[in-house]
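In: Quick check, what structure comes out for this input:
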Amino acid sequence: MDSAFFRASDLTQDGFLGGQLQILQPKAGYRAGVDPVFLAAAVNALPGQSVLELGCGAGQALLCLGARVDDLSLSGVELQTEYADLALQNAALNQIELDIYQANLIDLPEALKQRSFDHVIANPPYYLAGAHSPAADLGRRVALGEDTALVEWIKVAAKRLKPRGYLHMIQKADRLSDVLNACSGRLGALEVLPLAPRQGRMAELVILRARKEGRAAFRLHAPRIIHEGLRHEQDKEDLRPDIKAVLRKGAALPWPTG
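Out: I've put the predicted structure just below:
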């Protein structure tokens with residue numbers, strides 16, 4: 001069925017979490033990979049809690065989280081109208097209820113400003129404006145290239161969190177200093193979980209956990225390794241078992257406790 005913005009012929013239906021979720025994505029626009037899956041898996045949400053995603057795209061992270069944890073109140077904010085519409089389609093396709101607000105995160109609708117959440121999650125654009133060659137497709141360009149400064153994402157997240165609520169954010173490792181600086185004076189109890197492709201390789205992504213009114217000391221955890229071995233040697237999947245459980249079975253991504 002054609003949506004109001006994408007024709008059916010412009011979309012693919014892709015399986016996430018080993019096929020537990022079916023997600024419509026544009027063939028030529030922004031297409032999610034494993035990043036929103038990792039983000040959703042890292043969130044320590046409990047049944048009955050509320051979650052807001054800033055920049056929810058087609059709803060991949062929210063739906064992955066909703067598939068793992070029952071009875072969540074899930075809401076998303078998305079700037080691009082066509083992707084907000086697609087998120088609602090994906091929610092209906094997977095029979096998971098989402099409230100989607102089409103808005104700029106720095107100009108939220110009043111109905112959303114009156115709400116607070118147990119969790120805020122975000123997968124902001126990875127690249128500073130002008131730091132990479134812009135994508136030809138507008139959807140990819142907006143999703144990948146920073147227009148709203150990273151500090152604004154953190155400010156909005158902090159405002160929308162309940163006291164003691166959690167922010168989870170996935171970001172490129174080389175933006176970690178920007179993320180930590182933006183949290184200063186707004187969120188505490190910061191923890192960072194790096195994700196490295198292989199043993200001995202530098203982390204390419206980091207997941208931040210921060211808490212409103214948190215007082216615990218900063219914690220930089222050892223990298224979570226995604227693939228077995230030092231290099232890709234065979235033409236087959238070589239995910240480590242714990243990572244395979246996250247990506248194929250919808251398992252949680254445990255945070256170190258020691």
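In: Under the pLDDT cut-off, which ranges of the stretch 1-150 of the chain? List them.
Out: Residue ranges of the stretch 1-150 of the chain with pLDDT under 70: 1-4, 129-146.
In: Strands along that one, start to end?
Out: Assigned by DSSP state E, counting those that start in this stretch, the strands in the stretch 1-150 of the chain fall at 11-16, 21-26, 50-54, 73-78, 99-102, 117-122.
In: got the contact list for the longest strand along the chain?
Out: As assigned by DSSP state E, the longest strand anywhere in the chain is strand 161-172. Residues outside strand 161-172 that contact it (Cβ atoms under 8 Å, 6 or more residues apart in numbering): 35-36, 38-39, 42-44, 116-124, 126-127, 150, 153-154, 157-158, 179, 187, 204-214. (Glycine included, C-beta is placed from N, CA and C.)
In: what about 6 Å?
Out: 35, 39, 42-43, 116, 118-123, 126, 157, 179, 187, 206-213 (Cβ atoms under 6 Å, 6 or more residues apart in numbering).
In: Look through this protein and tell me its longest helix.
Out: Longest helix in the chain, counting residues (DSSP state H): helix 81-94.
In: could you list every residue that touches residue 45?
Out: Shown in contact with residue 45 (Cβ under 6 Å, 6+ apart): 51, 69, 119.
In: For the last one, which non-adjacent residue is spatially closest?
Out: Nearest in space to residue 119, with sequence neighbours left out and distances taken as Cβ to Cβ, 6 or more residues apart in numbering, is residue 51 at 4.5 Å.
In: Residue 64 now?
Out: With sequence-adjacent residues excluded and distances taken as Cβ to Cβ, 6+ apart, residue 64 is closest to residue 40, at 3.7 Å.
In: try residue 47
Out: Spatial nearest neighbour of residue 47, excluding adjacent residues (Cβ to Cβ, 6+ apart): residue 71 at 4.2 Å.
In: What of residue 239?
Out: residue 227 (6.1 Å).
In: export the helix or strand following the longest strand of the chain as CSV, just CAs?
Out: Toward the C-terminus, strand 161-172 is succeeded by helix 176-183 as the next helix or strand (DSSP states H and E). Presented in CSV, the C-alpha positions along helix 176-183 are these (Å, rounded to 0.1, in the frame of the first residue of the first chain):
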residue,chain,number,x,y,z
LEU,A,176,32.4,11.3,22.6
SER,A,177,34.0,14.5,23.9
ASP,A,178,31.1,16.5,22.4
VAL,A,179,28.6,14.2,24.1
LEU,A,180,30.3,14.4,27.5
ASN,A,181,30.6,18.2,27.3
ALA,A,182,27.0,18.6,26.5
CYS,A,183,26.0,16.5,29.5
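In: how far off strand 161-172 does helix 176-183 point, in degrees?
Out: Here helix 176-183 points in a direction 170 degrees away from that of strand 161-172 (axes from the mean of the first three to the mean of the last three Cα atoms, to 10 degrees).
In: So for the longest strand of the chain, what gets flagged as buried?
Out: Within strand 161-172, the residues that count as buried by 16 or more other Cβ atoms under 10 Å are 161, 162, 165, 166, 167, 168, 169, 170, 171, 172.
In: That strand: how far from the chain's middle?
Out: Centre-to-centre, strand 161-172 and its host chain are 11 Å apart (Cα atoms, centre = their mean, to the nearest Å).
In: how big is the angle separating it from strand 117-122?
Out: Between strand 161-172 and strand 117-122, the angle comes out at 20 degrees (the same axes, to 10 degrees).
In: Strand 161-172 pairs with which strands, and in what direction?
Out: In the sheet, strand 161-172 lines up against strand 117-122 (parallel), strand 205-211 (antiparallel) (DSSP bridges).
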